[in-house]
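Engineer: Below are the sequence and a predicted model for it; my questions follow.
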Amino acid sequence: MNAASIIQLAYGIPGVVAYFVAIYAMRTLRKDLSRSFITIFTVTSIINIATWFNSWLSIRLKLEPSFISIHEWVVEFDFIRHF
């Protein structure tokens, strides 16, 4: 694995976990926080996670020799265009 992929995973995976922990914490504190704030934060978090995952699929997979077969499967499967 090249250094750029390791760095992206090193901050990306804990970041995604932190988003889920923050969303869970906000849902438990929903009496103290406004509903619109929780909704906006949740939607923004989901968009950020989806963007990170999409960039991993479209950029990082084809740069890693060990993940070339997965990248080819994703390109061949073409599941994003079906939505």
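Structural biologist: In hand now; what should we look at?

Engineer: Sort out which residues of whatever helix or strand residue 69 lives in are buried, please.
Structural biologist: If you go by DSSP states H and E, residue 69 is part of helix 68-77. Buried positions in helix 68-77, judged by neighbour count with 16 or more other Cβ atoms under 10 Å: 71, 74. Backbone N, C-alpha and C define where each C-beta goes, glycine included.

Engineer: Could you name the helices and strands sitting against that helix?
Structural biologist: helix 61-63 (3 or more Cβ pairs under 8 Å, 6 or more residues apart in numbering; DSSP states H and E).

Engineer: where does this protein have its least confident helix or strand?
Structural biologist: Between all helices and strands in the chain, the lowest mean by mean pLDDT, DSSP states H and E belongs to helix 68-77, at a mean of 78.

Engineer: quick one: that helix to chain centroid distance?
Structural biologist: On the basis of Cα atoms, centre = their mean, to the nearest Å, helix 68-77 sits 18 Å off its chain's mean C-alpha point.

Engineer: contacting residues around it?
Structural biologist: 57, 61-62 (Cβ atoms under 8 Å, 6 or more residues apart in numbering).

Engineer: Buried only: go through the residues you listed for me.
Structural biologist: Buried among these by 16+ other Cβ under 10 Å: 57, 61.

Engineer: From the contacts of helix 68-77, pick the one nearest residue 32.
Structural biologist: Closest approach between these and residue 32, by Cβ to Cβ: residue 57, at 37.2 Å.

Engineer: residues touching that closest one, list them.
Structural biologist: 71, 74.

Engineer: Which strands and helices lie in contact with the longest helix seen in the chain?
Structural biologist: For the chain, the longest helix by residue count, based on DSSP state H, is helix 3-28. Contact here means 3+ Cβ pairs under 8 Å, 6+ apart; on that basis helix 3-28 packs against helix 35-55.

Engineer: Show me what the helix it packs on is packed up against.
Structural biologist: Packing partners of helix 35-55 (3+ Cβ pairs under 8 Å, 6+ apart): helix 3-28.
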